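[1] predicted model, plus sequence, below.
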Amino acid sequence: MGYVVEKINGYKITEQPPGATCQYIVKGYANDLAAKLAAQSIIPLTVGLTKSDNSGANTVTRSKCQVNYIGGDIWEADVEWTLQPTSTVYPIQFSTKGQTVKRTHSISTNGRYLAEGVSETDPSCTAGFFPDFDGGIGYNGTDFEGADITIPSLAWNETHTFSMSNLNNTYAVTIADLTGKTNAATFRGYAAGYVLFLGVSGGNQKNELQADLQFEFAIGTSLVNANIGGKNGADFILTGVNKAPWEYIWFYYNDTSQQCLNAVTGTRTDLFKMK
């Protein structure tokens, strides 16, 4: 029959920060797991410590229970109780390093230049046609290769503490289903649709009752009444374009093409938005 008994030296109490330690003898158990489970089932989970000014008590929670082998079936348990934070303030880490995206069409074409000695009305161009790709970037004769650009971006993670009893497979599946979704209402000051949930990591225990999880988020950008594909700030191909955060837009060209100066251009017919 096993037992757990407090060693003679008893509790050692600290006032700042509030906490306590104690050692126990655990006897009658063949391995460390059995000894630890026995100790955890007997040793109190919380301890009330009277404040030095007698204004009340601090309740400290068991944050450590470590068993060390002595010999035979005897073990020594080192136990600590610490004051757990109750503040709603949570640690945040963020990054504004920007996001690299491939842009296949310009917001505006600010200049275009013909080869030396060729004019816009050169008779070699049908009907005076000037090579014009409607804002397309990097045309290679087949499609637009685009260019990688850096756009403003904000991503951050928050660390929150949870009860171990709530961290189970059901909770993990719920979080997994939410990953890749956007906020349905205002969140952290951002309107609905702007915040993308990137998932959760962590789960390391901070004590016997709690564990920390890191929640990751990113902010999307939108287009409101935007003009696309113009030349020198005018003659925009598309106007009044609206795109919600995390929507993707792409352009469709029909088969109509014209050739001039060995360049091919098509006529844009539609813009598609997808999410």
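    Sure, I can see it. Numbers count the residues shown, from 1 in each chain.
[2] every contact and neighbour count from this point should use C-alpha atoms.
    OK.
[3] what's the spacing between Phe197 and Gly135?
    33 Å (Cα to Cα, to the nearest Å).
[4] which stretches of this protein have low pLDDT?
    Scanning the chain for pLDDT under 70 picks out 54-55, 85-89, 112-132, 229-237, 252-275.
[5] what residue is smack in the middle of it?
    Glu216 (2.0 Å; Cα atoms, centre = their mean).
[6] how many residues are close by the residue nearest to Thr186 when sequence neighbours are not counted?
    Leaving aside its sequence neighbours, Thr186 sits nearest to Ala192 (Cα to Cα, 6 or more residues apart in numbering; 5.2 Å). Residues within reach of Ala192, counting by other Cα atoms under 10 Å, total 13.
[7] same check, this time on Gly193
    A count of nearby residues for Gly193, using other Cα under 10 Å, gives 21.
[8] and the helices in this structure?
    Ranges of helices in the chain, per DSSP state H, are 32-42, 169-178.
[9] which one of those helices is the most hemmed in?
    Most buried of the helices of the chain by mean neighbour count (mean count of other Cα atoms under 10 Å) is helix 32-42; its value is a mean of 17.
[10] what's in contact with that helix?
    Helix 32-42 has contacts (Cα atoms under 8 Å, 6 or more residues apart in numbering) with Tyr3, Val4, Val26, Lys27, Tyr29, Cys65, Gln66, Val67, Asn68, Tyr69, Trp75, Ala77.
[11] stretch 176-189 too?
    Outside of stretch 176-189, the residues within contact range by Cα under 8 Å, 6+ apart are Ala191, Ala192, Gly193, Tyr194, Val195, Leu196, Phe197, Leu198, Gly199.
[12] which of these lies closest to Pro44?
    Lowest distance from Pro44 to those (Cα to Cα) belongs to Gly199, with 35.7 Å.
[13] what about the residue nearest to that closest one when sequence neighbours are not counted, distance to Asn169?
    The shortest distance from Gly199 to any non-neighbouring residue, by Cα to Cα, 6+ apart, is to Thr179 (5.0 Å). Thr179 sits 15 Å away from Asn169, taking Cα to Cα as the criterion.
[14] what does Val60 give?
    On the measure of Cα to Cα, Val60 and Asn169 end up 29 Å apart.
[15] and Asn157, by the same measure?
    22 Å.
[16] Ser106 too?
    Taken as Cα to Cα, the span from Ser106 to Asn169 is 46 Å.
[17] quick one, longest strand in this protein?
    With DSSP state E setting the assignment, residue counts place strand 57-71 as the longest strand in the chain.
[18] can you pull the buried residues of it?
    Of all the residues in strand 57-71, those buried under the rule 16 or more other Cα atoms under 10 Å are Asn58, Thr59, Val60, Thr61, Arg62, Ser63, Lys64, Cys65, Gln66, Val67.
[19] then stretch 94-112?
    Buried residues in stretch 94-112 (16+ other Cα under 10 Å): Arg103, Thr104, His105, Ser106, Ile107, Ser108, Thr109.
[20] present those as JSON lines; the columns should include distance to Gly203.
    Converted to JSON lines, these look like this (distance: Cα to Cα, whole Å):
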{"residue": "Arg103", "distance to Gly203": "38"}
{"residue": "Thr104", "distance to Gly203": "41"}
{"residue": "His105", "distance to Gly203": "43"}
{"residue": "Ser106", "distance to Gly203": "44"}
{"residue": "Ile107", "distance to Gly203": "44"}
{"residue": "Ser108", "distance to Gly203": "48"}
{"residue": "Thr109", "distance to Gly203": "50"}
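[21] that's all I had, so thanks and see you.
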